[in-house]
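# pasted the sequence and its predicted model underneath.
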Amino acid sequence: MTTPRPRGRYFEEFTVGEHFGTASRTVTEADIMAFAELTGDHNEIHVDAAFAAATPYGQRIAHGLLSLSFISGLVVQSGIMAQTIIAFREIVGWTFSKPVFIGDAIHAEVEVTEMKPYPRLGAGAVTVRVVVKNQRDETAQQGSWNLLVQSRPQS
């Protein structure tokens, strides 16, 4: 019996310099409230419309980590690493440069920037530059992720 091939790419199938994008996801009020409940982060800028209206943003904003979590999910949903990603190892230089508002549709533009094989693990590290953009093509967040991706099985 042979093991079926995973949907995602093996480490060896990535190339430094390649780009891919994700689908988008619209951030809703329900998402923000559920994240606040899940994490315990009930900061008024996220959950209190009257409070947020008096801030420089003029409205509630999504938690930065909520947006980051959505982007992580969208990268996985893209299928490129489905069933081959072993670990999310590191986030480097992540910046939150623009707020994400209720109703914003965010997506990621991803570039493979570095690869390092780890034969003893049967995997390799893939570093990707991730840029989170909204529906106006404005950069909301960006940084690099280091991911451990399964190597192609030996025949």
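That came in fine, so what should we check first? Quick caveat, the model's predicted, so the values are computed rather than measured. Numbers count the residues shown, from 1 in each chain.
# hmm, who's touching the longest helix seen in the chain?
Taking DSSP state H as the criterion, the chain has its longest helix at helix 64-77. Helix 64-77 has contacts (CB atoms under 8 Å, 6 or more residues apart in numbering) with 22-25, 27, 31-32, 35, 39, 81-82, 85, 88, 94, 96, 100, 106-108, 110, 130, 132, 140-141. Using the backbone N, CA and C atoms, a C-beta is placed for each residue, glycine as well.
# C-alpha coordinates for that helix, CSV please?
C-alpha atoms of helix 64-77 as CSV (Å, rounded to 0.1, in the frame of the first residue of the first chain):
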residue,chain,number,x,y,z
GLY,A,64,-3.4,42.8,15.1
LEU,A,65,-3.0,39.1,16.1
LEU,A,66,-6.5,38.3,14.7
SER,A,67,-5.4,39.6,11.3
LEU,A,68,-2.1,37.7,11.5
SER,A,69,-4.0,34.5,12.4
PHE,A,70,-6.4,35.0,9.5
ILE,A,71,-3.4,35.3,7.2
SER,A,72,-1.8,32.2,8.6
GLY,A,73,-5.1,30.4,7.8
LEU,A,74,-5.3,31.8,4.3
VAL,A,75,-1.7,30.7,3.5
VAL,A,76,-2.6,27.2,4.6
GLN,A,77,-5.9,27.3,2.6
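# and that helix, how far from the chain's centre?
4 Å (CA atoms, centre = their mean, to the nearest Å).
# check stretch 79-97 too.
The mean C-alpha position of stretch 79-97 is separated from the chain mean by 6 Å, CA atoms, centre = their mean.
# export that stretch to CSV, keeping only CA atoms.
In CSV, the C-alpha atoms belonging to stretch 79-97 read as follows (Å, rounded to 0.1, in the frame of the first residue of the first chain):
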residue,chain,number,x,y,z
GLY,A,79,-2.9,24.6,-0.5
ILE,A,80,0.8,25.3,-1.1
MET,A,81,1.7,23.8,2.2
ALA,A,82,-1.3,21.6,2.9
GLN,A,83,-0.2,18.4,4.7
THR,A,84,3.5,19.2,4.3
ILE,A,85,4.0,22.0,6.8
ILE,A,86,5.5,20.5,10.0
ALA,A,87,6.0,23.6,12.1
PHE,A,88,5.6,27.4,12.2
ARG,A,89,9.1,28.1,13.7
GLU,A,90,9.5,31.9,13.8
ILE,A,91,8.1,35.3,13.0
VAL,A,92,10.8,37.9,12.2
GLY,A,93,10.4,41.6,11.9
TRP,A,94,6.6,41.6,11.9
THR,A,95,5.2,45.1,11.7
PHE,A,96,1.6,46.4,12.0
SER,A,97,1.6,49.5,9.8
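# this completes my enquiry, with thanks.
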